[in-house]
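**Student:** need the 3D shape of this:
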Amino acid sequence: MTSIADGPVTDAERTVRKETIVEADLERVWHAISDPEGLEGWLADQVSFDQVPGADASFSVEGEERRGHIDELDPERSFTFTWEREPGIPSRVRIELEPCVSGIRVIVVESREGVGVALGRLRTMFSLVAV
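**Tutor:** This is a model prediction of the structure:
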C-alpha cells in the first residue's frame, strides 16, 4: 500500500484488468495490439511510434492527443506502453496474449496513478462524515 496526501491507496485501486477471447490466429492478434496501424482499428483514431522499447509514442483518441512511450515488446506475448490519459498523470498499459482453445485470450491491464488518487479522495470524504 502506498500513502498519498489523500489517503492510503492499494495497487488494486490503481489497476483495471479486462480480458476477452479473439477468434483469430496469434500473428493477426499480435499485429492488432503492437503495430500502430493495428491499434488504430480499436484503441485510438491515430497511433504513431517505432516498435522499439524506449521509443516515443503518440495516440489520438477522440481528438485528444496522448503522449507516451513504448516500455516493452515481447513478440507474440506482450506489449507494454505508458501514456498520459490526463496531463501529468501517467497510465501504464500492458496487453498480454495467451493462446487458448477457442483463439487468443487478450488481457489488458492498465495501472493509473489518477485512479487511486480519486478513490483515496472518495474514501477520505466518507471518513470525515459523522455517523
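**Student:** tell me, what residue is most central in the protein?
**Tutor:** With distances taken as Cα atoms, centre = their mean, the residue of the chain nearest its centroid is V93 (2.4 Å).
**Student:** now do the same contact list for the nearest residue to it once chain neighbours are set aside.
**Tutor:** With Cβ to Cβ, 6 or more residues apart in numbering as the criterion, V93 has its nearest non-adjacent residue at 4.9 Å, and that residue is E110. Bear in mind the C-beta positions are built from the backbone N, C-alpha and C, glycine included. The contact partners of E110, taken as Cβ atoms under 8 Å, 6 or more residues apart in numbering, are T15, V16, R17, S91, R92, V93, R94.
**Student:** just the buried ones from those residues?
**Tutor:** Of the members of those, the ones counted as buried by neighbours, 16 or more other Cβ atoms under 10 Å, are S91, R92, V93, R94.
**Student:** so how far is E23 from the last one?
**Tutor:** Taking Cβ to Cβ, to the nearest Å as the measure, R94 falls 22 Å from E23.
**Student:** swap in R77?
**Tutor:** When R77 is compared with E23 (using Cβ to Cβ), they lie 19 Å apart.
**Student:** tell me the confidence at the nearest residue to S60 once chain neighbours are set aside?
**Tutor:** Across the structure, with Cβ to Cβ, 6+ apart as the measure, the residue nearest S60 apart from its sequence neighbours is Q46 (4.0 Å). pLDDT, Q46: 97.
**Student:** Q46 is in contact with E40, isn't it?
**Tutor:** Yes: because the distance of 6.3 Å satisfies Cβ atoms under 8 Å, Q46 is recorded as touching E40.
**Student:** okay, those two: which has more neighbours?
**Tutor:** Using other Cβ atoms under 10 Å as the criterion, Q46 and E40 rank with E40 on top: 16 against 12.
**Student:** my read: that one touches F49, true?
**Tutor:** No: at 11.7 Å, E40 and F49 do not qualify as touching, with contact defined as Cβ under 8 Å.
**Student:** lovely, talk soon.
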